[in-house]
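Visitor: quick one: sequence plus predicted model below, questions after.
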Amino acid sequence: MANEKKTVAVLYGGKSTEYEISLLTAYSVINAMDLEKYRVLPVYIQQDGRWIAGEEIKGKLTYKDQLLLKEDSSAEEIAEHWLAPSASSSTETRPDIIFPLLHGPNGEDGTVQGLFELLNIAYVGSGVAGSSVGMDKVLMKDVFAAHNIPEPHYVSMSRFEWENEAPAMILKVKNAIGYPCFVKPANGGSSVGISKCVSETELSAAVTEALLYDTKVIIEEGVNGREVEIGVVGNHELSVSVPGEIITKNAAFYDYQSKYQEGESTLVIPADLPDKVKAELEQVAKRAFTALNLSGLARVDVFVREGDQRILVNEVNTMPGFTQFSMFPLLWQHTGLPYQKLIEKLINLGLQKHAEKQQIHYRIDG
């Protein structure tokens, strides 16, 4: 029936350094959802990887820890039923769509999206390939390079290379990038494990730190310019938000504390950009979204370089945060799409993408 409520399973927590951010995001999204339109089912992934399903949410949550569900056999049976591939034909307990509010590895990197594909359940956001490449900064930048999308210079190295060829790697950074530079885990988010380096000594310490969070790192040139972000929403026909600028107060860059501690940074929305720069930003953001085969949503982070005002893509975030301090929903709010309507649009885009995939034939004789 057209007016029947859609069941949305909200997935949060997870095995990631961004576990706490996921909880904050889920708390915000669930409280913003229209319970007259949706049946909302919380699904909590503990830090040890265990999945726990909760009962339907009937009203506003009053505090974040309500999301820390306890083990309950009846709820677990519901989750296990629709999470099992053998239950793929069941319609009684399966959600219509999953909203994976997971950040970082084991949630934003294509792993959980692969599970949804196997279960043939609709979900919000990019698919396996887009999520995976969007999460891996090295692969992402390689794709940008192949598509001639402007970006800062970069090099990468694996833990094996660092442990066996550290002097050569340091020389490579010096010759290709120089200082200052930024060292990042290839797979990660929320600025966890990122360091700014101005010397070889700092570079060595930074690489060691970044390798705590991944098996390879990326080193990028420092760009003298403004940090600007823009939202993209859509599957095929893409819409872009107004741009926003990040101004950090005390940090050397937009680090974890600046992102999630109130008062540590200022978000200027809309960013004061010349019309020509804004138009270029919108086009580059759409090109980056398309090149990575993304769908649903993404936040495209760029530098507007001083002097020539050139747009350089820093990275794309395929599941940006929805906390009260998050840029993505604020960008759309200033564009004219309120938080609740943004969530509804993303759910509809996920359902549309799933319906489109049902047209694919997997047998040549049928």
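Guide: Good, I have the coordinates.

Visitor: okay, and the helix or strand of the protein with the least pLDDT?
Guide: Sorting the helices and strands of the chain by mean pLDDT, DSSP states H and E puts helix 256-260 at the bottom, at a mean of 48.

Visitor: give the next helix or strand downstream of that one.
Guide: Past helix 256-260, further along toward the C-terminus, the next helix or strand under DSSP states H and E is strand 265-268.

Visitor: pull that following strand out as PDB, backbone CA atoms only.
Guide: Presented in PDB, the C-alpha positions along strand 265-268 are these (Å, rounded to 0.1, in the frame of the first residue of the first chain):
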ATOM      1  CA  SER A 265      36.300  25.300  14.700                       C
ATOM      2  CA  THR A 266      34.000  27.600  12.800                       C
ATOM      3  CA  LEU A 267      31.900  26.500   9.900                       C
ATOM      4  CA  VAL A 268      31.100  29.300   7.500                       C
END
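
Visitor: pull out the buried positions in the following helix or strand past it.
Guide: Sequence order places helix 275-291 as the next helix or strand after strand 265-268, per DSSP H and E. Within helix 275-291, the residues that count as buried by 16 or more other CB atoms under 10 Å are 277, 278, 280, 281, 282, 284, 285, 286, 287, 288, 289, 291. Backbone N, C-alpha and C define where each C-beta goes, glycine included.

Visitor: now do the SS call for residue 245.
Guide: What DSSP: H, G, I helix; E, B strand; the rest coil gives for residue 245 is strand.

Visitor: what about the nearest residue to it once chain neighbours are set aside, neighbour count?
Guide: Spatial nearest neighbour of residue 245, excluding adjacent residues (CB to CB, 6 or more residues apart in numbering): residue 271 at 3.8 Å. When counting by other CB atoms under 10 Å, one arrives at 22 neighbours for residue 271.

Visitor: again, but for the one 3 residues further on
Guide: As a burial measure, the neighbour count of residue 274 was computed by other CB under 10 Å and equals 10.

Visitor: residue 36 too?
Guide: Counted with other CB under 10 Å, the neighbours of residue 36 add up to 6.

Visitor: cool, and residue 115?
Guide: Neighbourhood size, residue 115 [other CB under 10 Å]: 15.

Visitor: from residue 107, how far off is it?
Guide: 11 Å (CB to CB, to the nearest Å).

Visitor: got the CA positions of the helix or strand where residue 21 lies in PDB?
Guide: According to DSSP H and E, residue 21 maps onto helix 19-32. Extracted in PDB, the C-alpha atoms of helix 19-32 (Å, rounded to 0.1, in the frame of the first residue of the first chain):
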ATOM      1  CA  TYR A  19      32.500   4.000  17.000                       C
ATOM      2  CA  GLU A  20      31.600   6.900  19.200                       C
ATOM      3  CA  ILE A  21      30.900   9.200  16.200                       C
ATOM      4  CA  SER A  22      28.600   6.500  14.800                       C
ATOM      5  CA  LEU A  23      26.600   6.500  18.000                       C
ATOM      6  CA  LEU A  24      26.200  10.300  17.900                       C
ATOM      7  CA  THR A  25      25.200  10.200  14.300                       C
ATOM      8  CA  ALA A  26      22.600   7.500  15.000                       C
ATOM      9  CA  TYR A  27      21.200   9.400  17.900                       C
ATOM     10  CA  SER A  28      20.700  12.500  15.800                       C
ATOM     11  CA  VAL A  29      19.200  10.700  12.800                       C
ATOM     12  CA  ILE A  30      16.800   8.500  14.700                       C
ATOM     13  CA  ASN A  31      15.500  11.500  16.600                       C
ATOM     14  CA  ALA A  32      15.000  13.400  13.400                       C
END
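
Visitor: quick one: residues contacting the residue nearest to residue 245.
Guide: 226, 228, 242, 243, 244, 245 (CB atoms under 8 Å, 6 or more residues apart in numbering).

Visitor: report the beta-bridge partners for the fifth one.
Guide: Translated: residue 244. Residues in a beta bridge with residue 244, per DSSP bridges, are residue 229.

Visitor: burial count for it?
Guide: Residues near residue 244, counting by other CB under 10 Å, number 21.

Visitor: that one against residue 329, yeah?
Guide: No: taking contacts as CB atoms under 8 Å, residue 244 lies outside contact range of residue 329: 10.9 Å.

Visitor: which helix or strand contains residue 164?
Guide: Using DSSP H and E, the element containing residue 164 is helix 159-176.

Visitor: what is the mean pLDDT for that helix?
Guide: For helix 159-176, mean pLDDT is 95.

Visitor: cool, and stretch 101-121?
Guide: Stretch 101-121 comes out at a mean pLDDT of 91.

Visitor: chain center to it: distance?
Guide: When C-alpha coordinates are averaged (CA atoms, centre = their mean, to the nearest Å), stretch 101-121 and its chain have centres 12 Å apart.

Visitor: from residue 146, how far out is residue 139?
Guide: Residue 139 sits 11 Å away from residue 146, going by CB to CB.

Visitor: these two: which is more packed in?
Guide: Legend: neighbour count by other CB under 10 Å for residue 139 and residue 146, higher for residue 139 (16 against 9).

Visitor: what sits against the closest residue to that one other than its chain neighbours?
Guide: Once flanking residues are discounted, residue 139 sits nearest to residue 133: 4.8 Å by CB to CB, 6+ apart. Residues near residue 133 by CB under 8 Å, 6+ apart: 139, 140, 143, 292, 293.

Visitor: let me know the helix or strand that residue 133 is in.
Guide: If you go by DSSP H and E, residue 133 is part of helix 128-135.

Visitor: restricting to C-alpha, output that helix in CSV.
Guide: Provided in CSV are the C-alpha atoms of helix 128-135 (Å, rounded to 0.1, in the frame of the first residue of the first chain):
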residue,chain,number,x,y,z
VAL,A,128,30.5,-2.0,-2.6
ALA,A,129,32.9,-0.6,-5.2
GLY,A,130,32.2,3.1,-4.5
SER,A,131,32.3,2.7,-0.8
SER,A,132,35.6,0.7,-0.9
VAL,A,133,37.4,3.0,-3.3
GLY,A,134,36.0,6.1,-1.5
MET,A,135,37.4,4.7,1.8
